[in-house]
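Chemist: give me coordinates for this.
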Amino acid sequence: MAYPAIKPWLDARAEARLANVLLYGATAAVLVFFYIPIFTLIAFSFQEGRYLTLPFEGFSLRWYGELFRNGNAGNALWNSTLIAVVSMIFATAIGALAAIVAVRYRFRFRIPFTGLSAAPLAFPQLLLGIVLLLWFSVLGRAFNFNTGIVTAIIGHVVYIAPFAMVIVAVQVFNFDSTLEDAARDCGASTWDVYRYVTLPLLWPGIFSAAIFSFLLSWGNFYLTYSLAGSTRTLPTFVFSGIATGSSPLYPAIATVVFVPGILLVILADRMRRRVA
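Modeler: The predicted structure follows:
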């Protein structure tokens with residue numbers, strides 16, 4: 001005896017709709033959970049009162065003006081910018097070269113080279129900062145120097161270069177080497193091939209690595225706290241200020257740091273999409 005097929009209580013369209021609702025709902029919940037503290041911090045930066053309390057005493061731009069009048073904050077901003085820019089340049093250059101060597105060339109110690117190049121990724125920042133501080137303390141006594149901006153830059157480059165290498169390696173892996181062969185067949189020299197073919201095609205990955213390197217250095221606390229000595233950067237300035245008492249000045253600093261970071265990420269994404 002044949003039995004009629006029982007129609008499932010959810011057809012394929014309803015299942016797809018339910019899956020979309022769950023997916024988008026979970027994504028929205030995660031984004032809300034992630035951004036609520038950030039927007040709360042931004043809101044506190046516009047508070048008129050001297051303390052981070054609710055309800056607000058009023059809305060004002062007072063603390064942004066205080067931020068630009070504060071000499072210590074200005075010095076911290078300059079130090080953060082200097083360390084981040086120099087670290088970005090060196091980390092991106094080293095990471096790009098390491099990515100090209102690791103992906104495009106075959107040599108005997110290629111696997112150990114790749115593993116050692118990426119090893120700092122596995123180190124917690126605090127542990128890496130302590131180890132480097134130990135080395136700089138020993139070298140400082142031998143060569144008579146103290147920790148400061150230079151040692152902080154070295155520490156940042158050691159930590160950030162592997163991230164740049166991974167980002168550029170993705171671009172190198174998808175690189176079409178036949179374009180270089182075609183350029184050589186047309187009579188281009190090795191330098192011309194790198195200048196007019198290789199570098200432009202790898203530039204989106206290099207630019208993204210530079211942006212990421214800058215942001216990693218700009219907001220880094222653990223390495224800077226360990227290696228910068230008495231030099232104040234924005235993260236250490238905020239930490240020392242919050243340790244002695246809360247003030248809307250520090251949410252204002254966080255907002256000033258956060259907004260340029262978002263703009264740089266958007267710029268890198270738009271450039272990647274334009275090239276793609």
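Chemist: F143 versus L132, what's the distance?
Modeler: 15 Å (CB to CB, to the nearest Å). Bear in mind the C-beta positions are built from the backbone N, C-alpha and C, glycine included.
Chemist: likewise P124?
Modeler: Distance, P124 to F143, using CB to CB: 28 Å.
Chemist: in the stretch 51-200 of the chain, where is pLDDT below threshold?
Modeler: Within the stretch 51-200 of the chain, the stretches with pLDDT under 70 are 51-53.
Chemist: L132 and F143: who's more crowded?
Modeler: Between L132 and F143, L132 has the larger neighbour count (other CB atoms under 10 Å), namely 21 against 7.
Chemist: name the helix or strand for that one, please.
Modeler: For L132, the element it lies in under DSSP states H and E is helix 125-143.
Chemist: which elements pack onto that helix?
Modeler: Applying 3 or more CB pairs under 8 Å, 6 or more residues apart in numbering; DSSP states H and E, one finds that helix 125-143 contacts helix 149-173, helix 222-227.
Chemist: mind listing what's buried in it?
Modeler: By 16 or more other CB atoms under 10 Å, the buried positions in helix 125-143 come out as 125, 128-129, 132-133, 136.
Chemist: let me see the ranges of the helices in the protein.
Modeler: For the chain, the helices defined by DSSP state H occupy 12-44, 62-69, 71-104, 110-118, 125-143, 149-173, 178-185, 190-193, 199-218, 222-227, 234-244, 249-275.
Chemist: F56: which of these is closest?
Modeler: Evaluated over the helices of the chain, closeness to F56 peaks at helix 12-44, with 8.1 Å, by CB to CB.
Chemist: tell me what that closest one is packed against?
Modeler: Using 3+ CB pairs under 8 Å, 6+ apart, helix 12-44 is in contact with helix 249-275.
Chemist: and the angle for the helix it packs on with helix 12-44?
Modeler: Put simply, helix 249-275 runs at 140 degrees to helix 12-44, going by axes from the mean of the first three to the mean of the last three CA atoms, to 10 degrees.
Chemist: and helix 249-275, which residues are buried?
Modeler: Buried-residue list, helix 249-275, by 16+ other CB under 10 Å: 249-258, 264, 268.
Chemist: now stretch 98-114
Modeler: Here stretch 98-114 shows 98-103, 114 as buried, counting by 16+ other CB under 10 Å.
Chemist: F44: which of the helices and strands packed on helix 125-143 is closest?
Modeler: Nearest to F44 among the helices and strands packed on helix 125-143 is helix 222-227 (23.7 Å), distances taken as CB to CB.
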